[in-house]
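# Just to be clear, the model below is a prediction. Sequence and coordinates:
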Amino acid sequence: MNKREIIAEDIELAPENVGFSDGDEVNIVVDQFTDLGVKVIINGKYYGLVYENDIYKDLEIGDKTKGYIKKIREDNKIDVSLRKIGYGRIEDAKQKILEKLKNNGGFLAINDNSSPKVIKRKLQISKGSFKKAIGGLYKEKIINITEEGIKIT
């Protein structure tokens, strides 16, 4: 028996009562890659799935990170997100953008016309979250958006 099989014996695939609610923060460990995304172990007890379109950073088997309960499906399987659910996700994106701006002299050569791949590579967030976040930062008069990119005011 290998290490993975020993661990898998104690993990529930579709638990009856998990005690989670949508949006709850959990600890996850990357277990394996599938056609749908990444199978993760939640709080050392349950399996969950992070769908491919929800992965915005490089992951390797064994990586430990925070996750958020996206949904507990009718079949009791658990969908997990690497990002906070709802508006918390936008607040996180705003913080990430501000941090990157501060670390790059107050300027980033990306804006709402940048490709989703570039945004994902540079900030590890989706283009939708990026656009909402920079819109909020602009309305708060924290940044300016130009043809060349975004900069702190």
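That came in fine, so what should we check first?
# how is this protein carved up into domains?
Residue ranges for the domains of the chain, per automatic domain parsing: 3-81, 87-152.
# Mind putting the ones you listed into CSV with mean pLDDT and mean neighbour count?
Yep, even glycine has a C-beta here, placed from its N, CA and C like the rest. Output for these, formatted as CSV (pLDDT from 0 to 100; neighbours: other CB atoms under 10 Å):
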stretch, mean pLDDT, mean neighbour count
domain 3-81, 84, 15
domain 87-152, 91, 16
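# wait, residue 34 sits on residue 48?
No. No contact is recorded between residue 34 and residue 48 when judged using CB atoms under 8 Å, the distance being 11.8 Å.
# So which residues of the chain form helices?
Remark: helices of the chain, listed N- to C-terminal, are 3-9, 87-103, 116-123, 127-139; assignment by DSSP state H.
# Out of these, flag the one nearest residue 64.
The minimum distance between residue 64 and these falls on helix 3-9, with 13.5 Å, by CB to CB.
# wait, doesn't residue 144 sit right on residue 151?
Yes. Here residue 144 lies in contact with residue 151, judged by CB under 8 Å, at a distance of 5.5 Å.
# quick one, strands of this protein?
The residue ranges that make up the strands of the chain, judged by DSSP state E, are 25-33, 37-42, 46-51, 64-72, 78-81, 107-108, 143-145, 150-152.
# which helices and strands sit right next to the second one?
In terms of contacts (3 or more CB pairs under 8 Å, 6 or more residues apart in numbering; DSSP states H and E), strand 37-42 is packed against strand 25-33, strand 46-51, strand 64-72, strand 78-81.
# for that strand, the distance to its chain's centre please.
Taking CA atoms, centre = their mean, to the nearest Å, the mean C-alpha location of strand 37-42 is offset from the chain mean by 13 Å.
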